[in-house]
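>>> this is a predicted model, with the sequence first.
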2 protein chains.
Amino acid sequence: METSTTQTIEQQTKITLPRELVSTPVLLLMRLGFEVKARAIAELGEEGFTPYHFGVLAMLEEGECETQATIADTLALDRSQLVGLLDSLEERELIERRRDSHDRRRQAVSLTPAGKRVLGRLRTIIGGIEEEFFVPLSAEEREELYRLLLRLAQHHDPRCPPPS
Amino acid sequence: METSTTQTIEQQTKITLPRELVSTPVLLLMRLGFEVKARAIAELGEEGFTPYHFGVLAMLEEGECETQATIADTLALDRSQLVGLLDSLEERELIERRRDSHDRRRQAVSLTPAGKRVLGRLRTIIGGIEEEFFVPLSAEEREELYRLLLRLAQHHDPRCPPPS
DNA sequence: TATTGTTATACTCTATAACTATA
DNA sequence: TATAGTTATAGAGTATAACAATA
């Protein structure tokens, strides 16, 4: 039988977060969001990509030939920030830029077949993080969590696509 | 009568996120974590504080007179980063540093009464964000979300305090 | 020699502003 | 004059390294 009264020595010296910092969903959301983002940055980074790259590729697959301004506005990036992002994708021939003949200021951006393949690869990486990160939850709990988070996102971000 | 064949002008110009970016809990977690963190930074910032300040003050209230190394390790901050953080709190007389007489390398950090009051104020701000952010969820849903997030945090962060 | 707190340095991100070419 | 894309610049934030005092 255990004889410890309150805490073992390990627990006393063990580092534990202040209770308050895990006492509310806001703080947990900040913490977990940061953690999962860090993983995404690390794992995508191993292949030379960032979450931004994933966002751009995913957007191009759904709506082909977007203009740079549209992409930037949709993903809430600064237009100047997008330039370098697209440069790095174009160098690797994952996207193409071609001038709009009707308005030569504009560039239509589109996904190449190689870009589509890379998107699949990045998708797999994200999926792997998902499997790893949500392992303590059952499929039903995962689904429930997703529903709740989606409701929050739809409420706070007008850019969220309509259901279905 | 409208003559557009496929889409109305509003739909063409309306910005909506790619579906894939809201199709999975990982991506939503990243997005919402970022959003809620941005709010915390903004609202705490109005009073001259950051989420880090809140973390430090909360920790000091639960365990008085921690050493700087302990604080840094617990909150996963670099020790050099903590210095400036404590400086800014000490200037405002919200914390005190005093040398450990047994080991003069160490500084024991403690909360002043003013610091305790400020902690209460920051707590209120965080509470306000919580109310605002989770408004689309019922009390039960909020509780359910909290339970799920806490399970994830406990699984992925060994520093999480044991239940109750 | 190792550790605590501190200071100094460098590097990444992001935000802003200026510039060009087209309209 | 205004807009799309680009480039340049500056600032915040963070990570790393060197340092002084003490053990």
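Here it is on my side, so go on. Numbers count the residues shown, from 1 in each chain, chains lettered A, B, ... in the order given.
>>> list the helices and strands the one helix or strand A:Thr74 maps to packs on?
Using DSSP states H and E, A:Thr74 falls within helix A:68-75. Counting contacts by 3 or more CB pairs under 8 Å, 6 or more residues apart in numbering or on different chains; DSSP states H and E, helix A:68-75 packs against helix A:51-62, helix A:79-91, strand A:107-111. Just so you know, the C-beta spots here come from the backbone N, C-alpha and C atoms, and that holds for glycine as well.
>>> nearest residue to the residue nearest the centre of chain A in space, ignoring adjacent ones along the chain?
Most central in chain A under CA atoms, centre = their mean is A:Pro51, positioned 5.3 Å from the mean C-alpha point. Spatial nearest neighbour of A:Pro51, chain neighbours left out: A:Ala40 (5.2 Å); criterion: CB to CB, 6 or more residues apart in numbering or on different chains.
>>> again with A:Glu43
Nearest to A:Glu43 is A:Ile125, by CB to CB, 6+ apart, at 5.2 Å.
>>> what angle do the helix or strand hosting that neighbour and helix A:79-91 make?
Using DSSP H and E, A:Ile125 maps to helix A:113-133. Going by axes from the mean of the first three to the mean of the last three CA atoms, to 10 degrees, helix A:113-133 is angled at 110 degrees with respect to helix A:79-91.
>>> residues in contact with helix A:113-133?
Outside helix A:113-133, the residues that touch it by CB atoms under 8 Å, 6 or more residues apart in numbering or on different chains are A:36, A:39-40, A:43-44, A:47, A:49, A:53-54, A:57-58, A:60-61, A:89, A:92-95, A:111, B:20, B:24-27, B:152, B:156.
>>> quick one: A:Leu75 and B:Lys116, what's the gap?
42 Å (CB to CB, to the nearest Å).
>>> who's more crowded, the two?
Neighbour totals were compared for A:Leu75 and B:Lys116, and A:Leu75 leads with 20 against 13 (other CB atoms under 10 Å in any protein chain shown).
>>> pLDDT wise, what is that one at?
At A:Leu75, the pLDDT value in this model is 96.
>>> returning to what we had before: list buried residues within the contacts of helix A:113-133.
Applying 16 or more other CB atoms under 10 Å in any protein chain shown to the contacts of helix A:113-133, the neighbour count classes A:36, A:39-40, A:43-44, A:49, A:53-54, A:57-58, A:60-61, A:89, A:94-95, A:111, B:20, B:24-27, B:152, B:156 as buried.
>>> for A:Glu131, give its distance to DNA strand D.
25 Å (CB to the nearest atom of the strand, to the nearest Å).
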